[in-house]
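Engineer: fold the following for me, if possible:
(one chain, ligands or ions: 2)
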Amino acid sequence: MGAQPLLRAQGVSLEYRTRAQTVRATHDVSFDVYQGDRFVLLGPSGCGKSSLLKAAGGFLAPSAGSISLHGKAVNGPGPDRVAVFQEFDQLPPWKTVKQNVMFPLLASRRLKRHEAEERAMHWIAKVGLEAFADAFPHTLSGGMKQRVAIARALAMQPEVLLMDEPFAALDALTRRKMQEELGLLWEEAKFTLLFVTHSIEEALVVGNRILLLSPHPGRVRAELNSHQFGMHSTGSPEFQAAANRIHRLLFDEEAAASGPVAVPNTAPVPVEAPVAEPAFTRRAAGAGLPLAGYVAIDALPPAAYAAIDETGRRYAV
Ligand SMILES: Nc1ncnc2c1ncn2[C@@H]1O[C@H](COP(=O)(O)OP(=O)(O)O)[C@@H](O)[C@H]1O
Ligand SMILES: [Mg+2]
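Structural biologist: Ligands and ions are numbered 1, 2, ... in the order given. Modelled structure (predicted):
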């Protein structure tokens, strides 16, 4: 049997009700995040990515469907899900870097003060800010502030790290650097990440799996594997081809209008099964669902399966 998903969204519709109207942010979105995944929600602005992250964080209850963590329904925020946002002002300005990182550890009563300090310094060093432990946020650059937010989040050792466009407000060079650093942190700590972006390139670099969402209201358009791409591959023809394909899947009106591709759901391929060659397959989510095509997944070469198997994750292809 495959590993159980850590975080599971099933048929999640999200709505905002105001007195005047109801805005539907997402419609019937399902996805599974496994331990150690770097799972990316990718879609155009306004398609409900942040709303999905808020729902995973327990800040927004689905109007239909459910979100569960370890099989238990998420019905409120908790220290097992910590978020990093785009905004640079997510750090209380009256606390130093170290105090910022220590704060949730103390507030959640997870650690005693000296343990919290030790844990905080460990993560501050990991993000390269040892020399700034006693600095206040206003003396730091945007990239440094985001590093503090990341250190603060990882120090909590959450079950899932939630990131909402954390690098979107940074200059291009810093953004690339931060993507790289996040990858290195993941190599070390193998945390589970749910990452939101509207950048195709960022999705490919950061994620090992990508969920493509249609424009407002967000519906699942496809899901694909991207573990083969990283910082090193951004210039490669394969990377460009993947980016182009995602672009088509996201924005090709014709593909969107033509509805689901009529391929029946198939049973997941066991991890051990040999795969002749990488192939691009599409499956419909099920007859009658008003989705614009669901699950375009790159079949992985056998070597990749082995790598994934080592970390205990399995894929349905
Ligand atoms: N607090 C809110 N009240 C009303 N509508 C909202 C609220 N937050 C988001 N929305 C609407 O929900 C939709 C999805 O928003 P959001 O999740 O922020 O999208 P994304 O993060 O993909 O840009 C948008 O149409 C947006 O206007
Ligand atoms: Mg957003």
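
Engineer: so what's the residue in the stretch 201-317 of the chain that ligand 1 sits nearest to closest to, chain neighbours aside?
Structural biologist: As assessed by C-beta to the nearest ligand atom, ligand 1 sits closest to His216 within the stretch 201-317 of the chain, at 5.0 Å. No exception for glycine: its C-beta is placed from N, CA and C like everyone else's. Leaving aside its chain neighbours, His216 sits nearest to Gly46 (4.7 Å; criterion: C-beta to C-beta, 6 or more residues apart in numbering).

Engineer: ok, now Arg175?
Structural biologist: Using C-beta to C-beta, 6+ apart and skipping residues adjacent in sequence, the residue nearest Arg175 is Phe167, 4.5 Å away.

Engineer: where does that neighbour sit, in terms of helix or strand?
Structural biologist: Counting by DSSP states H and E, there is no helix or strand that carries Phe167.

Engineer: begin at 39, not 1, for the rest of this chat.
Structural biologist: Shifting the count to begin at 39 puts that one at Phe205.

Engineer: that one: what's it in contact with?
Structural biologist: Contact analysis of Phe205 by C-beta atoms under 8 Å, 6 or more residues apart in numbering lists Gln124, Gln184, Thr212, Arg213, Met216, Gln217, Glu240.

Engineer: specify which member of those is nearest to ligand 1.
Structural biologist: Taking C-beta to the nearest ligand atom as the measure, ligand 1 lies nearest Gln124 of the contacts of Phe205, at 9.8 Å.

Engineer: what's the burial count for that closest one?
Structural biologist: With neighbours defined by other C-beta atoms under 10 Å, the count for Gln124 comes to 18.

Engineer: do Arg55 as well
Structural biologist: Close neighbours of Arg55, defined as other C-beta under 10 Å, add up to 9.

Engineer: residues near Tyr54, how many?
Structural biologist: By other C-beta under 10 Å, neighbour count at Tyr54 equals 12.

Engineer: next: Leu220.
Structural biologist: Using other C-beta under 10 Å: Leu220 sits among 24 other residues.

Engineer: shouldn't it be in contact with Ile188?
Structural biologist: Yes. If you go by C-beta atoms under 8 Å, Leu220 and Ile188 touch, sitting 7.2 Å apart.

Engineer: any idea which element Phe277 lies in?
Structural biologist: Assigned by DSSP H and E, Phe277 belongs to helix 275-289.

Engineer: just Arg157 next, same as before
Structural biologist: Assigned by DSSP H and E, Arg157 belongs to helix 151-164.

Engineer: which residue ranges form the helices in the stretch 89-238 of the chain?
Structural biologist: With DSSP state H, counting those that start in this stretch, the ranges of helices along the stretch 89-238 of the chain come out as 135-145, 151-164, 180-193, 210-227, 238-244.

Engineer: now the angle between helix 180-193 and the second one, please.
Structural biologist: Okay, so that is helix 151-164. 130 degrees (axes from the mean of the first three to the mean of the last three C-alpha atoms, to 10 degrees).

Engineer: tell me which residues in helix 151-164 are buried?
Structural biologist: Ala154, Glu155, Arg157, Ala158, Met159, Trp161, Ile162, Lys164 (16 or more other C-beta atoms under 10 Å).

Engineer: so which elements touch it?
Structural biologist: helix 135-145, helix 180-193 (3 or more C-beta pairs under 8 Å, 6 or more residues apart in numbering; DSSP states H and E).

Engineer: the longest one too?
Structural biologist: Other elements packing on helix 210-227 under the criterion 3+ C-beta pairs under 8 Å, 6+ apart are helix 180-193, helix 238-244.
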